[in-house]
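Engineer: how does the following fold in three dimensions:
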Amino acid sequence: MPVTETKEATKTCLITLVEPGSSDKVIRLHPAQHESEKIWLDNARGIERWNAIKRLMQNHAVRGTAVPDPASWHSNPKDLRTPDLKHEDIPLVRLEGDAFLEKLPDEERVAFTQKNSNAEVNKRMDHLENMVGSLAQSISHLTQAIQNQPKPEAARKPGRPKKETNEGE
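Structural biologist: Okay, the predicted model is just below:
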């Protein structure tokens, strides 16, 4: 995450850690390319992002300062309606040197477009139905042909065949 050019990284980022079932935790990081980031800790991508930010803070925080833990918005875990943490009380981590927090690229989202018109879809469905019907008819003809085959009259018994002897010799 360290980059040599810091002209665009002059903002302080408010990082919100969202963990389902508990109060959100926040920490500020300066310098950064963006002003806020929300990290969901219930999926692998969020956990990996938080671990990368912790590594960045531990490796590049101003010397002689301890890296604080994120503060919780709510002091009472039973009352999550009203946050009681003031903006001034949110811990701030300052990075030294050329290090700064980079903004994650936006997630790629696949846009599904409907390329086929309804007439084309109906045409393809009719063709598939005709193919399935002809296959079913072919299978029924084959099963009738197999059932109508003559069965061999003398079925061979299991075991070794009897030895034929010539009595005249």
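Engineer: now stretch 38-48, how far from the centre of its chain.
Structural biologist: With CA atoms, centre = their mean, to the nearest Å as the basis, stretch 38-48 stands 12 Å off its chain's centre.
Engineer: mind listing what's buried along that stretch?
Structural biologist: The neighbour-count criterion (16 or more other CB atoms under 10 Å) identifies 39, 46 as the buried residues of stretch 38-48. Bear in mind the C-beta positions are built from the backbone N, C-alpha and C, glycine included.
Engineer: may I have it exported as CSV, CA atoms only?
Structural biologist: Extracted in CSV, the C-alpha atoms of stretch 38-48 (Å, rounded to 0.1, in the frame of the first residue of the first chain):
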residue,chain,number,x,y,z
LYS,A,38,-17.2,0.4,5.4
ILE,A,39,-15.8,-3.1,5.9
TRP,A,40,-18.1,-6.0,6.5
LEU,A,41,-16.4,-8.6,8.7
ASP,A,42,-18.9,-11.4,7.8
ASN,A,43,-17.2,-12.3,4.5
ALA,A,44,-13.7,-13.2,3.4
ARG,A,45,-13.2,-10.0,1.3
GLY,A,46,-13.9,-7.8,4.3
ILE,A,47,-11.7,-9.8,6.7
GLU,A,48,-8.8,-9.7,4.2
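Engineer: quick one: mean pLDDT for that stretch?
Structural biologist: Stretch 38-48 comes out with an average pLDDT of 93.
Engineer: residues in contact with that stretch?
Structural biologist: For stretch 38-48, contacts defined as CB atoms under 8 Å, 6 or more residues apart in numbering pick out 15-20, 49-50, 53.
Engineer: where in the chain is pLDDT low?
Structural biologist: Within the chain, the ranges that satisfy pLDDT under 70 run 1-9, 114-116, 152-155, 167-169.
Engineer: circling back: secondary structure, distance to residue 41 and neighbour count added to the contacts of stretch 38-48, as TSV?
Structural biologist: Shown next, in TSV, are those (DSSP: H, G, I helix; E, B strand; the rest coil; distance: CB to CB, whole Å; neighbours: other CB atoms under 10 Å):
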residue	secondary structure	distance to residue 41	neighbour count
15	strand	12	22
16	strand	11	15
17	strand	6	21
18	strand	6	14
19	coil	5	13
20	coil	8	7
49	helix	9	18
50	helix	6	16
53	helix	12	20
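Engineer: how far out from the middle of the chain is the longest helix along the chain?
Structural biologist: Longest helix of the chain, by residue count under DSSP state H: helix 118-147. From the chain centre to the centre of helix 118-147 is a distance of 38 Å (CA atoms, centre = their mean).
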